[in-house]
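Asker: sequence unknown, structure follows:
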């Protein structure tokens, strides 16, 4: 049972582009969400909140990706043990 699109197969160039696309999405959402919660221009007045939002989103994504990869590896180990016993 493989996961995460049967492992990450993107090129270094694709991953580099994905990194700034992801940052742009996080920035857009940070501004929208902070302004929605704290009022118009709150994000502009408090760039530290934007930075913290983007950092939290990045950490969450990294943690989820790592967890999926660990799970995929454990599933493959379990399958190999089961196959070896059969």
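Answerer: That came through fine. The structure presented is a predicted model; accordingly, all values stated were derived computationally and were not measured.

Asker: from the contact counts, what lies against the lowest-mean-pLDDT helix or strand in the chain?
Answerer: Every helix and strand in the chain was compared by mean pLDDT, DSSP states H and E; the lowest is helix 47-85, with a mean of 90. Helix 47-85 is packed against helix 12-38, helix 42-45, with contacts defined by 3 or more C-beta pairs under 8 Å, 6 or more residues apart in numbering; DSSP states H and E. C-betas here are computed from N, CA, C, even on glycine.

Asker: pull out the buried residues from that helix.
Answerer: 49-50, 53-54, 57, 72 (16 or more other C-beta atoms under 10 Å).

Asker: OK, contacts around the residue nearest to the spatial centre of the chain?
Answerer: Among the residues of the chain, the one closest to the centroid is residue 61, at 2.2 Å (C-alpha atoms, centre = their mean). Going by C-beta atoms under 8 Å, 6 or more residues apart in numbering, residue 61 touches residue 22.

Asker: relative to residue 38, how far out is it?
Answerer: Counting by C-beta to C-beta, to the nearest Å, the separation of residue 61 from residue 38 is 24 Å.

Asker: residue 52 now?
Answerer: 13 Å.

Asker: hang on, the earlier thing: report the angle between the least confident helix or strand of the chain and helix 12-38.
Answerer: 130 degrees (axes from the mean of the first three to the mean of the last three C-alpha atoms, to 10 degrees).

Asker: ok so, going back, closest to residue 84 out of the helices and strands packed on helix 47-85?
Answerer: helix 12-38 (34.7 Å; C-beta to C-beta).

Asker: please work out the average pLDDT along the closest one.
Answerer: Taken as a whole, helix 12-38 has a mean pLDDT of 93.

Asker: buried ones in that helix?
Answerer: For helix 12-38, a neighbour-count test (16+ other C-beta under 10 Å) marks 26-27, 30-31, 33-34 as buried.
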